[in-house]
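Task: produce atomic coordinates for the following.
(one chain, ligands or ions: 1)
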Amino acid sequence: MTFTQKLNQAWHSQNSLLMVGLDPDMDKLPHPIRSSHDALWQFCKGIVDATAPYVCGFKPQVAYFASLGAEDILKQTCEYIRTEYPNLVLMLDAKRGDIGSTAEHYAREAFDRYQADAVTINPYMGMDSAQPYLDRKDKGVIVLCRTSNPGGSDLQALQVNGRALYLHVATLVATQWNQNGQCGLVVGATFPDELRQVRACVGADMPLLVPGIGAQGGDIQATCDAGCNPMGTGMMINSSRAILYASRDEDWQHKAAQAARQTRDAINSSRAK
Ligand SMILES: O=C(O)c1cc(=O)[nH]c(=O)n1[C@@H]1O[C@H](COP(=O)(O)O)[C@@H](O)[C@H]1O
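Numbering: from 1, shown residues only. A predicted model of the protein is given here:
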C-alpha cells in the first residue's frame, strides 16, 4: 500500500486529521516515570497507546532521540507503531536535505532503518537532493514549503518573479517532483492565508502536513477553512507539546488522551462546517 492510500484510509477509519508529534524532551517527562531507567521508552509507548484512538498517524522527530543517543528507542517506537497500530501513518520528521549520494543514506535511514511511511525533507538543494526519496515509489516525501516559525518568512516569503518563493516550491513539487503521487508539503497552521494559497496552488489531492496548532497557537478553525480539500480531508494537522505534556503527574496518559480527543473533535467540528 502506498503512503497516500494508507493516509486516506487512516483519515476515514480513524475519523481524524490529527497527527501526534513524538518530541520527547527529558526535562519535561512526567514525574512518575522520570527517574526510571527506560523513561524514554515508557513515555513514547505510553503516549502512543493513549492517543492512538484519536489520530491518523504519528510523527517522531529524529532530533529528540538523536540528541540523547537514543536512536534505539526511536527504532523501538517506530516498530511498536507499525506492529500495534498498522493502520496509522508513521511519518519520520527529519527535514533532511543534502547532495544525492548522501541523501540516499538519509532515505535508507527513514525507509529501511525506521521503515517510516513518509519523511519530511528540505527542498533547498533542489531536485537531485530529493531524488533518492522520490525513487521510493510507495513512500511519502513531505517537503518544507511554508514553515510555521516566524523566521520561515525570511526566505520563503521572498518575491521571486512576482511570486512568493514558497509558492514556487509548491508548484515545483506538485508538477515535477510528484511523479509517483506520494509528495506532500509542510505548511504551518500559523499562516492560514498562505495555507489557503498553497491549497489553491496544488489542488485537492496533495496532503499537507500542518504543524503549529497547540503550543504555537495556530487557530484550528482558520486552519481547516484554509487547508481542507472539498472532501473535508487533505491535512495531517500536527500537535506535539500540547498533547505530550498535558500533565506531568500520575494522570499523564489520561490527560494526553483527553488533549488528543479534544483536538481531534475541534478539528472535526471545524472541518464539518
Ligand atoms: O516538519 C515539521 O514537522 C515542522 C515544520 C514546521 O514548519 N513547524 C514545526 O513546528 N514542525 C515540527 O512540528 C512539531 C511542532 O511541535 P509543537 O509546536 O509542540 O506542536 C515539532 O516537531 C516541529 O519540529
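
can you give me the helices in the stretch 151-273 of the chain?
Secondary structure of the stretch 151-273 of the chain (DSSP state H, counting those that start in this stretch): helices located at 152-156, 165-172, 192-202, 220-227, 241-244, 252-272.

same question but for the stretch 1-150 of the chain, I mixed them up
Under DSSP H, counting those that start in this stretch, the stretch 1-150 of the chain gives helices at 3-14, 31-34, 39-51, 62-66, 71-84, 100-108, 127-134.

mind checking which of the ones you listed is nearest residue 242?
The minimum distance between residue 242 and those falls on helix 39-51, with 11.6 Å, by C-beta to C-beta. Placement of C-beta: from N, CA and C, glycine included.

Save the helices of the stretch 151-273 of the chain as JSON lines, and put in mean neighbour count and mean pLDDT too.
JSON lines is the format used below for the helices of the stretch 151-273 of the chain (neighbours: other C-beta atoms under 10 Å; pLDDT from 0 to 100):
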{"stretch": "helix 152-156", "mean neighbour count": "15", "mean pLDDT": "97"}
{"stretch": "helix 165-172", "mean neighbour count": "20", "mean pLDDT": "98"}
{"stretch": "helix 192-202", "mean neighbour count": "20", "mean pLDDT": "98"}
{"stretch": "helix 220-227", "mean neighbour count": "21", "mean pLDDT": "98"}
{"stretch": "helix 241-244", "mean neighbour count": "22", "mean pLDDT": "98"}
{"stretch": "helix 252-272", "mean neighbour count": "19", "mean pLDDT": "97"}
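
any idea of the pLDDT on the closest residue to residue 268 other than its chain neighbours?
Spatial nearest neighbour of residue 268, excluding adjacent residues (C-beta to C-beta, 6 or more residues apart in numbering): residue 15 at 6.8 Å. Note for residue 15: predicted pLDDT of 98.

same question, the one 10 residues further on
The model reports residue 25 with a pLDDT of 98.

show me what contacts it?
64, 245 (C-beta atoms under 8 Å, 6 or more residues apart in numbering).

tell me which parts of the stretch 151-273 of the chain are close to the ligand?
Residues of the stretch 151-273 of the chain lying close to the ligand (C-beta under 6 Å from any ligand atom) are 186, 188, 211, 214, 215, 216, 238, 239, 240, 241, 242.

Return, as residue ranges, the portions of the chain with sub-threshold pLDDT.
273 (pLDDT under 70).

can you rerun that using 50?
For the chain, no stretch is flagged by pLDDT under 50.

Give the buried residues for stretch 79-94.
Of all the residues in stretch 79-94, those buried under the rule 16 or more other C-beta atoms under 10 Å are 80, 81, 85, 88, 89, 90, 91, 92, 93, 94.

Pick out whichever of those residues sits closest to the ligand.
Among the buried residues of stretch 79-94, residue 93 lies closest to the ligand (C-beta to the nearest ligand atom), at 4.6 Å.

Can you verify my assumption that that closest one contacts residue 121?
No - the pair residue 93 / residue 121 is not scored as a contact, 10.2 Å apart, by C-beta atoms under 8 Å.

Out of the helices of the stretch 151-273 of the chain, flag the one nearest residue 130.
helix 165-172 (9.7 Å).

Packing partners of that closest one?
Using 3 or more C-beta pairs under 8 Å, 6 or more residues apart in numbering; DSSP states H and E, the elements in contact with helix 165-172 are strand 140-146, helix 152-156, strand 183-187, helix 192-202.

now these as a markdown table including distance to residue 60?
Listed next are the helices and strands packed on helix 165-172 as a markdown table, based on distance: least, C-beta to C-beta, whole Å:
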| stretch | distance to residue 60 |
| --- | --- |
| strand 140-146 | 14 |
| helix 152-156 | 22 |
| strand 183-187 | 16 |
| helix 192-202 | 24 |
